[in-house]
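Undergrad: Fold the following and give me the result.
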Amino acid sequence: MSVQFTLRYRIISLIALFAVVLIAAFTALLLTRQLTVITQNNQYRARVGTFAAKGAFERTLLSTLRAGNPPAAFERMIPLLKEGQLVEETSVVDLKGKVVASSDHGLRGSQLSSEDAQRSKYAVGHYSPQTWFHSQVEPSEVIFYAPVTIDDVPQYVAIFRYSLGNMGVAIQQVGTLCILVAVGVVLVMVPLCLLLIRAILGPIQILNDATKDVAAGNLGLQVSVPTEDELGELAETFNGMTSALVKMKERAENANPLTKLPGNNVIHEEIEKRIKGKRKFVAVYSDLDNFKAFNDKYGIGAGDQAIKLTAQIMKEAIKKGIPGDFIGHEGGDDFILLTTPEKAQAVTDHLCSEFDTRIRELYSPEDREQGHIISKDREGNVKQFPLMTISLAGVTNAHRELTSYAEVTNICAEVKKKAKITSKTTGKSSFFLDQRTGQERTEAASPSSEAH
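TA: Numbers count the residues shown, from 1 in each chain. Got it, this is the predicted structure:
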């Protein structure tokens, strides 16, 4: 059965690992400290014991010198020294390195090892009342080589061995404390673990459930994660996403099915948003001239191609503007473009010139050559119609205050007439921008650019 490494499992594992490492580090630190203390105490005890034992051996040597058998006296002295806890293991050797007395009966009469013999010889050679011993520290013990003297003249060498830090003793001394620390760490870590799981997994679970609801179609769902951290920021981002999804859905539902551009509702919303935001803008309304005649002659499919081409050219033209400029498709051959007063000229210049060039590709070679088509007008009369052009009518709040979408469309209807007259006269696409201040009541609209 495989283990599922969920976030909950990983949090618990990390906290448990941290607790184990913390307890282990504390235990190691405490043991090290305890071993250091034990070692220091043992070293001190060894030094004191060596001094006392050396004095005892010298007194024994002095009192038995006439009897002529100091080794026997040393043998009797060693158990007494051990009972008084002055020594642990000790041996007495003569100056030739022969063991004459020892706490280990098996060593009596044997010769010292080469290392002990060299150290004993060194202790004798460097003896003085100030340097009365030579010591050697090993990992588990310290060894003292102390000459036994008479009138500061070495006669024998006493070798004392003392154990240093004892791990078993250290563990026994710190064991209870380590257990209490481990229990304390567990008691702290368990609530901390639960708190972290609730603080982290709670918001994540909320967001996970909300994501499933959004996937099921509840696009407007909002979540509440009352934290001022990354999880709270994530919740705000999620709420922003769902709000954007609602708007995207509304735009998609309102979008023109042919061009996929936003439709009337979104166009209305975009214009009102600019008006309420006191932003300077130019609303450019477009109308394809002679589109009906083209559609009648070449068919609905060709008419759809002309509308798609117009949408494509508008998308390219808007790149001459700024980020945030907008294109909408009201239906049929009616489009609207929103840009800034500073960029309106560049956008419409590109739109008019590209349209006049590329729209010709939709006509037959014969019609392109003669520059017109033969079709019926609205009354059913057969007549000549020029090739399509695009008439652009611009309305701006750069010179007057605009208060509503309806006002923008009403002014546009006036300006569009001027644009269509120019396009018809020149045979080229044109753009007219209304520059009236609002106090003028003349019908005239000032052309922003001549026919293209």
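
Undergrad: how close does residue 25 sit to residue 185?
TA: Computed with C-beta to C-beta, to the nearest Å, the distance linking residue 25 and residue 185 is 11 Å. Any C-beta I mention is one placed from the backbone N, CA and C, and that applies to glycine too.

Undergrad: Residue 262 too?
TA: Counting by C-beta to C-beta, the gap from residue 262 to residue 185 is 61 Å.

Undergrad: Pretty sure residue 219 sits in a helix.
TA: No. Applying DSSP: H, G, I helix; E, B strand; the rest coil, one finds residue 219 to be coil, outside a helix.

Undergrad: Give me the neighbour count for it.
TA: With neighbours defined by other C-beta atoms under 10 Å, the count for residue 219 comes to 18.

Undergrad: next one: the one 5 residues further on
TA: Burial of residue 224, expressed as a neighbour count using other C-beta under 10 Å, amounts to 9.

Undergrad: Against residue 233, how distant is it?
TA: The value you get for residue 224 to residue 233, if C-beta to C-beta is used, is 14 Å.

Undergrad: higher neighbour count, residue 262 and residue 185?
TA: Under the criterion of other C-beta under 10 Å, the comparison of residue 262 against residue 185 puts residue 262 first, with 23 against 16.

Undergrad: wait, isn't the more buried one in contact with residue 329?
TA: Yes. Using C-beta atoms under 8 Å as the test, residue 262 is close enough to residue 329 to be in contact (7.2 Å).

Undergrad: State the phi and psi torsions of residue 386.
TA: Recorded main-chain torsions at residue 386 are phi -60, psi 160, according to degrees, to the nearest 10.

Undergrad: Just give the nearest non-adjacent residue to residue 22, would you?
TA: Here the nearest residue to residue 22 in space, its sequence neighbours aside, is residue 185; by C-beta to C-beta, 6 or more residues apart in numbering that works out to 5.9 Å.

Undergrad: Helices of the chain, start to end?
TA: Ranges of helices in the chain, per DSSP state H, are 7-64, 70-83, 114-125, 167-196, 202-215, 230-254, 264-276, 291-298, 300-317, 344-358, 365-370, 405-426.

Undergrad: tell me what the last one is packed against?
TA: Under the contact definition 3 or more C-beta pairs under 8 Å, 6 or more residues apart in numbering; DSSP states H and E, helix 405-426 sits against helix 264-276, strand 282-289, strand 389-396, strand 430-433.

Undergrad: Over to the third one?
TA: Contact analysis of helix 114-125 by 3+ C-beta pairs under 8 Å, 6+ apart lists strand 134-137, strand 141-150, strand 153-163 as its packing neighbours.

Undergrad: what pairs with the last one, and is each one parallel or antiparallel?
TA: If you go by DSSP bridges, strand 153-163 pairs up with strand 89-94 (antiparallel), strand 141-150 (antiparallel).

Undergrad: Now the longest one: buried residues?
TA: Which is strand 141-150. Of the residues in strand 141-150, 142-149 count as buried by neighbour count, 16 or more other C-beta atoms under 10 Å.

Undergrad: distance between that strand and the chain's centre?
TA: Put simply, strand 141-150 sits 66 Å off its chain's centre (C-alpha atoms, centre = their mean, to the nearest Å).

Undergrad: center of this structure - which residue?
TA: Central residue of the chain (C-alpha atoms, centre = their mean): residue 230, 9.9 Å from the mean position.

Undergrad: OK, contacts around that one?
TA: Contact criterion C-beta atoms under 8 Å, 6 or more residues apart in numbering gives no residues in contact with residue 230.

Undergrad: cool, and residue 267?
TA: Contacts of residue 267 (C-beta under 8 Å, 6+ apart): 328, 330, 336.

Undergrad: Now distance to residue 105 too, for the strands paired with strand 153-163, in CSV please.
TA: As requested, these are exported to CSV (distance: least, C-beta to C-beta, whole Å):
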stretch, distance to residue 105
strand 89-94, 11
strand 141-150, 20
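
Undergrad: closest one to residue 163 among the ones you listed?
TA: With C-beta to C-beta as the criterion, residue 163 lies closest to strand 141-150 of the strands paired with strand 153-163, at 5.2 Å.

Undergrad: Which residues outside that closest one are in contact with it?
TA: Here strand 141-150 makes contact (C-beta under 8 Å, 6+ apart) with 42-43, 46-47, 50, 53-54, 57-58, 61-62, 65, 92, 116, 119-120, 122-124, 127, 132-137, 154-164.

Undergrad: Recalculate using a threshold of 6 Å.
TA: In this structure, residues lying in contact with strand 141-150 by C-beta atoms under 6 Å, 6 or more residues apart in numbering are 46, 50, 54, 57-58, 61, 119-120, 123-124, 127, 133-136, 154-164.

Undergrad: Same check on stretch 314-325?
TA: Here stretch 314-325 has contacts from 327, 337, 339, 343, 346-347, 350-351, using C-beta under 6 Å, 6+ apart.

Undergrad: cool, and stretch 156-164?
TA: Residues lying outside stretch 156-164 but in contact with it, judged by C-beta under 6 Å, 6+ apart, are 39, 42, 46, 50, 54, 57, 87-94, 120, 141-148.

Undergrad: can you rerun that using 8 Å?
TA: By C-beta under 8 Å, 6+ apart, the surrounding residues in contact with stretch 156-164 are 38-39, 42-43, 45-46, 49-50, 53-54, 57, 61, 70, 74, 87-95, 100, 112, 116, 120, 123-124, 137, 139-148.

Undergrad: which of those are buried?
TA: When burial is judged by neighbour count using 16+ other C-beta under 10 Å, the buried members of the contacts of stretch 156-164 are 38-39, 42-43, 46, 49-50, 53-54, 57, 61, 70, 74, 87-93, 100, 112, 116, 120, 123-124, 142-148.
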